[in-house]
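Enquirer: how would this look folded up:
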Amino acid sequence: MFSKILIANRGEIGVRVIKTCKRMGVKTAIVYSEADADSLAVEMADEAVFIGGAPASESYLVQDKIIDAVRKTGAEAVHPGFGFLSENPVFARRLEEEKITFIGPNPFAIESMGDKITSKEFAAKAGVSTVPGHMGLIEETEEAVRISGEIGYPVMIKASAGGGGKGIRVAYDDAEVREGFPAVKAEAKTAFGDDRVFIEKFILSPRHVEIQVLGDKHGNAIHLFERECSIQRRNQKVIEEAPSPLLDEETRMKMGAQAVALAKAVNYDSAGTVEFVASGVDKSFYFLEMNTRLQVEHPVTEMITGVDLVEQMLRVASGEKLAIAQDDLSINGWAVESRVYAEDPYRNFLPSIGRLKRYIPPVEGEATGAPGVVRVDSGVREGDEISMFYDPMISKLVTHGKTRDEAIDTQLAAMDRYHIEGIQDNMPFVTAVYEQERFRSGDITTAYIKDEFPDGFNGVEPTAEQTLILTASAAHVHGVYSARAALTSGRLSPPETVREDWVVILDKSHYPIKLRFAEGRSEIEIEGKVHVLETEWKPGTHLLEGTLDGKPFAVKFADRTEGYLFRHRGVALRALVCTPRSAELHAKLPEKEAADLSKLIMSPMPGLVVSMDVELGQEVKSGEAVCVVEAMKMQNIIRAEADGVVKAINVGAGDSVAADEIMVEFE
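Expert: Numbering: from 1, shown residues only. Predicted coordinates for the structure are as follows:
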């Protein structure tokens with residue numbers, strides 16, 4: 001085994017590799033950029049080497065700097081993590097030439113699987129199912145009918161030069177091909193000036209299912225079952241789970257055997273993933289691609305198999321034979337993983353950059369308020385800055401249970417206790433997905449988010465249970481503050497406070513209550529029924545955790561100038577607790593009119609202005625590009641929402657902007 005390795009990565013995966021190395025007694029060195037100088041990974045590693053500016057092109061992607069860091073530290077091997085240089089065959093080959101071990105697959109495997117055409121050729125030769133199709137030129141309609149029949153319906157007729165949803169038809173029989181084929185050719189000619197058309201199998205209810213494989217340098221290869229990663233947004237995975245709710249044992253074994261056959265065909269000698277698209281209708285599956293690295297979602301596989309994949313990568317790279325045989329492996333329970341992103345789901349998931357003013361992840365191990373186990377893979381701590389230069393993932397929250405429902409319930413309980421302030425995170429959206437009946441049923445596809453949230457995410461309406469939790473929480477918090485106010489004002493405070501006529505206002509709904517409050521306990525009568533809330537919550541803490549009628553709960557809390565703000569899963573509500581008279585007056589207050597922002601162009605997120613595309617005095621039409629703002633590897637074109645003439649430009653290319661900062665003003 002190596003005595004020291006260098007980690008050519010950052011953040012969460014850097015921390016993840018360090019944890020396994022510490023357990024194995026392997027020393028670690030890590031490289032870092034200007035933006036990561038004070039990172040958790042740098043703090044945890046035995047050594048750290050500065051390699052350049054914050055942009056990855058100046059640091060993590062510069063091969064010479066990585067190799068120089070290996071020489072400086074005396075490391076024997078490089079773990080690339082994921083992203084950056086992890087799937088770069090040129091880098092793997094350079095390390096080989098420099099007599100430095102690459103903790104990953106051989107360059108031939110990386111190169112073969114990195115090319116989509118070559119990988120499909122290898123897959124076909126290895127007996128792996130590939131999407132049936134005809135990529136050659138099709139001239140005549142009847143030829144298209146014959147080919148479609150050979151492929152098997154339904155089929156997708158696609159313009160070769162297509163894009164933007166144009167030049168596509170799905171046909172379920174010969175008649176629809178006869179109608180659709182000439183239409184696609186004509187549309188392709190008009191839209192792209194190219195009428196070439198190809199036909200491939202259309203996968204009904206497509207799902208993303210992938211197989212984890214592991215190979216060594218002695219010709220051995222195994223699979224560690226599957227993961228389902230169908231919950232995606234813009235091809236970015238959001239929720240992953242293992243095993244898949246779609247597969248039966250027969251399909252699982254077939255898919256696993258094919259993945260192993262492909263791994264052996266390229267002498268695969270590390271951890272890798274073979275990705276398939278599977279039909280939710282008939283469980284047919286077809287090869288998509290192979291990822292020749294450790295996947296972000298590897299923890300769910302580790303949770304159901306008990307195998308540390310990072311450890312196996314190190315052992316294989318050092319020349320050891322796999323100590324695990326296929327028959328040694330079995331699926332234990334269920335695991336789900338949520339990617340906690342620094343993005344604002346209420347603003348179409350735009351990146352959210354800034355300092356983590358508060359960062360309190362749930363406690364790892366046995367879950368609070370649920371029967372499963374919690375694991376948090378994170379690369380940040382309270383006070384850290386979420387940078388605009390890298391991807392927006394804050395952490396991965398992983399939960400394990402005996403069943404899928406148990407794993408999901410544990411995930412929800414853990415998210416209730418995951419507290420982040422200073423930036424917006426995507427947890428309200430993710431919890432909303434977990435609570436949907438369709439997700440619970442396992443009826444998911446890669447189009448799930450698009451289908452279920454066609455207009456984006458604007459929060460969810462509270463359920464009856466959530467309304468009860470928030471009403472009781474608001475009553476108890478107000479009881480605490482009332483008792484404290486009585487003490488500080490010099491009035492004697494009785495051991496318990498009884499108020500017969502409070503009203504809790506949640507948003508615009510009024511809930512008359514009776515409150516009997518004592519330190520750590522409230523009895524709240526709502527609609528004639530008494531509920532008991534018990535908690536150790538104290539003012540100044542931002543998580544109200546306890547039991548309501550004996551059932552554990554947790555809500556996120558913030559004190560506001562007027563009332564309190566409570567957040568529970570996808571629900572965020574402002575709460576007021578007042579007398580009936582005050583509640584009556586409050587109901588009569590006119591609603592504030594929204595400010596007129598039509599003459600302002602404001603940055604929708606913090607980021608860097610890449611270009612300013614207008615000038616003073618310029619006439620701008622609605623929909624015209626005004627500027628481009630970049631954050632977290634994502635460029636956003638900011639467009640005018642109305643016609644106007646530019647009156648002022650407050651920022652320029654290269655400037656940093658905050659969310660809602662006014663960039664351009666119109667006359």
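Enquirer: Where do the strands of the stretch 451-600 of the chain begin and end?
Expert: With DSSP state E, counting those that start in this stretch as the definition, the stretch 451-600 of the chain shows strands at residue ranges 497-506, 509-518, 521-526, 529-535, 543-548, 551-559, 564-568, 571-578, 600-602.
Enquirer: The fourth one pairs with which strands, parallel or anti?
Expert: Translated: strand 529-535. Strands flanking strand 529-535 in the sheet, each with its direction: strand 521-526 (antiparallel), strand 543-548 (antiparallel) (DSSP bridges).
Enquirer: From S522, how far out is the residue lying closest to D549 once chain neighbours are set aside?
Expert: By the measure of C-beta to C-beta, 6 or more residues apart in numbering, the closest residue to D549 outside its immediate chain neighbours is H531, 5.5 Å from it. For every residue, glycine as well, the C-beta is placed using N, CA and C. Relative to S522, H531 is positioned 8 Å away (C-beta to C-beta, to the nearest Å).
Enquirer: sorry, back to before: could the strands of the stretch 451-600 of the chain go into TSV alongside distance to M393 and mean pLDDT?
Expert: Listed next are the strands of the stretch 451-600 of the chain as TSV, based on distance: least, C-beta to C-beta, whole Å; pLDDT from 0 to 100:
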stretch	distance to M393	mean pLDDT
strand 497-506	33	79
strand 509-518	36	91
strand 521-526	39	93
strand 529-535	32	96
strand 543-548	23	95
strand 551-559	21	93
strand 564-568	21	93
strand 571-578	22	91
strand 600-602	26	91
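Enquirer: How many residues are close by K4?
Expert: Neighbour count for K4, taken as other C-beta atoms under 10 Å: 17.
Enquirer: That one: what's it in contact with?
Expert: If you count contacts by C-beta atoms under 8 Å, 6 or more residues apart in numbering, K4 has them with V26, K27, T28, A29, D46, T73, G74, A75, E76.
Enquirer: longest strand anywhere in this protein?
Expert: Ordering each strand of the chain by length in residues (DSSP state E) puts strand 221-233 first.
Enquirer: I'd say I110 and E87 touch.
Expert: Yes. If you go by C-beta atoms under 8 Å, I110 and E87 touch, sitting 5.9 Å apart.
Enquirer: From I524, how far out is the closest residue to E525 other than its chain neighbours?
Expert: The shortest distance from E525 to any residue that is not its chain neighbour, by C-beta to C-beta, 6+ apart, is 4.0 Å, and that residue is K514. Separation of K514 from I524 (C-beta to C-beta) stands at 7 Å.
Enquirer: before we move on, back to that, so the residue nearest to D549 makes contact with T467?
Expert: No. In this structure H531 lies outside contact range of T467 using C-beta under 8 Å: 11.9 Å.
Enquirer: of all the strands paired with strand 529-535, which lies closest to T368?
Expert: Ranking those by distance to T368, with C-beta to C-beta as the measure, places strand 543-548 first at 7.5 Å.
Enquirer: What angle do strand 551-559 and the closest one make with each other?
Expert: Direction vectors for strand 543-548 and strand 551-559, defined by axes from the mean of the first three to the mean of the last three C-alpha atoms, to 10 degrees, enclose an angle of 150 degrees.
Enquirer: Residues in contact with strand 543-548: which ones?
Expert: By C-beta under 8 Å, 6+ apart, the residues outside strand 543-548 that reach it are 360, 368, 417, 419, 468-469, 472-473, 476-477, 531-537, 552-557, 566.
Enquirer: buried residues in the longest helix along the chain?
Expert: With DSSP state H setting the assignment, residue counts place helix 464-488 as the longest helix in the chain. Within helix 464-488, the residues that count as buried by 16 or more other C-beta atoms under 10 Å are 466-480, 482-483.
Enquirer: Domain parsing of this structure, as residue ranges.
Expert: 4-103, 109-131+207-332, 133-201, 337-450, 464-588, 600-666 (automatic domain parsing).
Enquirer: Quick one, which of those domains gets closest to G456.
Expert: Each of the domains of the chain has some distance to G456 by C-beta to C-beta; the shortest is domain 337-450, at 5.4 Å.
Enquirer: pLDDT of the closest one, averaged?
Expert: The pLDDT scores in domain 337-450 average 94.
Enquirer: I'd like the distance from that domain to the chain centre, please.
Expert: Distance of domain 337-450 from its chain centroid, counting by C-alpha atoms, centre = their mean, to the nearest Å, is 8 Å.
Enquirer: that older thread, with distance to K402 and mean neighbour count added, can I get the strands of the stretch 451-600 of the chain in JSON lines?
Expert: Rendered in JSON lines, the data for the strands of the stretch 451-600 of the chain read as follows (distance: least, C-beta to C-beta, whole Å; neighbours: other C-beta atoms under 10 Å):
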{"stretch": "strand 497-506", "distance to K402": "36", "mean neighbour count": "18"}
{"stretch": "strand 509-518", "distance to K402": "37", "mean neighbour count": "18"}
{"stretch": "strand 521-526", "distance to K402": "33", "mean neighbour count": "20"}
{"stretch": "strand 529-535", "distance to K402": "28", "mean neighbour count": "15"}
{"stretch": "strand 543-548", "distance to K402": "23", "mean neighbour count": "19"}
{"stretch": "strand 551-559", "distance to K402": "19", "mean neighbour count": "18"}
{"stretch": "strand 564-568", "distance to K402": "26", "mean neighbour count": "20"}
{"stretch": "strand 571-578", "distance to K402": "28", "mean neighbour count": "20"}
{"stretch": "strand 600-602", "distance to K402": "49", "mean neighbour count": "19"}
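Enquirer: Just give me the neighbour total for the closest residue to Y268 other than its chain neighbours.
Expert: Closest residue in space to Y268, ignoring its immediate chain neighbours: G215 at 4.1 Å, by C-beta to C-beta, 6+ apart. Summarising burial for G215: neighbours were counted as other C-beta under 10 Å, giving 26.
Enquirer: can you check the one 4 residues further on too?
Expert: Taking other C-beta under 10 Å as the criterion, the count of residues near G219 is 10.
Enquirer: What's the separation between it and A317?
Expert: On the measure of C-beta to C-beta, G219 and A317 end up 16 Å apart.
Enquirer: do D195 as well
Expert: For D195, the distance to A317 equals 50 Å [C-beta to C-beta].
Enquirer: so what's K125 up against?
Expert: With contacts taken as C-beta under 8 Å, 6+ apart, K125 has the following neighbours: A265.
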